[in-house]
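Enquirer: sequence and predicted model, in that order:
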Amino acid sequence: MSIRLESGPVVVDSAFSTGASPPPTAPETAPVIFDIKGLNVYYRDFHAVADTDLDIHQHEITALIGPSGCGKSTVLRCFNRMNDLIEGARVEGRVLYHGIDLYGPAVDAVEVRRRIGMVFQKPNPFPKSVYDNIVFGPKVAGWKGNPDDLVEESLRRAALWDEVKDKLDSSALDLSGGQQQRLCIARAIATSPDVVLMDEPCSALDPIATYRIETLMRELKERYTIVVVTHNMQQAARVSDRTAFFSVDVGDNGQRTGRLVEYDSTDQVFTAPSLKETEDYITGRFG
């Protein structure tokens, strides 16, 4: 079997299946984009995440919640191989994207990150103009279209065009924090990704900016699949379709290993969780 991940449509030369039973998930209402089985992540000898099974569905917002150190961001970085950039990191298990093993030897990690964009916790615009922030990634990837159209379209999708259309040549660092984060979202979608990952995208923002980002997320899911890590349970309840709750096991040596406790529709997780551990976290009894 050979697998190729190339520009344009995903190409799979042959299909395959395993005898494993599917993990318990929320009722399927949309195609599965990511199929994760037996995910374990290590940083050298540190076992960061253990035995995680998870499905991510197309054109939905999936929230990853849980206490600090439970592996939410580690799991998120597995979706676009960002953990590859951390020395000593090792990923075991199966991470399928449209049926393709993202960690297969034939897969180009750079192309993975083009298809699966990421927005980080702290806004991190390039020290360039607003315009250059948008066109930089596509140009590096060899894109040959009209840059003016790309800039306007990306900024409109990020609900930022009206605020910056007269400031395109100004430094992105002159924007407010909320505007910078929306610029980072516009930059991520300028490369035409399939999925947008967001790691605590509102943690550094005020309530008004947070509201704008949440509104934007709901609009963007019509075009993209979104996975968001958040410590804010109210935010998860407001914006997500499904919620995965992670917790921490502490070993005899004090090592903290994250594990997936429960994954279901957001309504189910927040109103009638299946496990007491989930209920205790949602209601603030621990964590």
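Expert: Yep, that arrived. Since the structure is predicted, the reported quantities are computational estimates derived from the model, not experimental observations. Numbering: from 1, shown residues only.
Enquirer: any idea what sits nearest the residue nearest to the spatial centre of the chain, other than its immediate chain neighbours?
Expert: Geometric centre of the chain, nearest residue: Leu197, 2.1 Å, by CA atoms, centre = their mean. Distances taken as CB to CB, 6 or more residues apart in numbering put Met118 closest to Leu197, at 4.5 Å, once the chain neighbours are dropped. Just so you know, the C-beta spots here come from the backbone N, C-alpha and C atoms, and that holds for glycine as well.
Enquirer: same deal with Val228?
Expert: Per CB to CB, 6+ apart, closest to Val228 is Met198, 4.3 Å.
Enquirer: what bridges to the one you found?
Expert: Val119, Val228 (DSSP bridges).
Enquirer: burial of Gly117, as a residue count?
Expert: 23 (other CB atoms under 10 Å).
Enquirer: chain center to the host helix or strand of Asp148: distance?
Expert: Asp148 is part of helix 147-157 when elements are defined by DSSP states H and E. Relative to the centre of its chain, helix 147-157 is centred 22 Å away, using CA atoms, centre = their mean, to the nearest Å.
Enquirer: can you give me the helices for the chain?
Expert: 72-78, 109-115, 130-140, 147-157, 161-164, 177-189, 207-220, 233-239, 266-271, 276-282 (DSSP state H).
Enquirer: elements contacting the last one?
Expert: For helix 276-282, the helices and strands in contact under the criterion 3 or more CB pairs under 8 Å, 6 or more residues apart in numbering; DSSP states H and E are strand 242-250, strand 256-265, helix 266-271.
Enquirer: which of the residues in it are buried?
Expert: Within helix 276-282, the residues that count as buried by 16 or more other CB atoms under 10 Å are Glu277, Thr278, Glu279, Tyr281, Ile282.
Enquirer: equivalent analysis for stretch 72-87, please.
Expert: For stretch 72-87, burial by neighbour count (16+ other CB under 10 Å) applies to Lys72, Ser73, Thr74, Val75, Leu76, Arg77, Cys78, Phe79, Asn80, Arg81, Met82, Asn83.
Enquirer: list the contacts for the nearest residue to Phe120 once chain neighbours are set aside?
Expert: Once flanking residues are discounted, Phe120 sits nearest to Asp199: 5.5 Å by CB to CB, 6+ apart. For Asp199, the contact set (CB atoms under 8 Å, 6 or more residues apart in numbering) comprises Ser73, Leu76, Met118, Val119, Phe120, Gln121, Val228, Val229.
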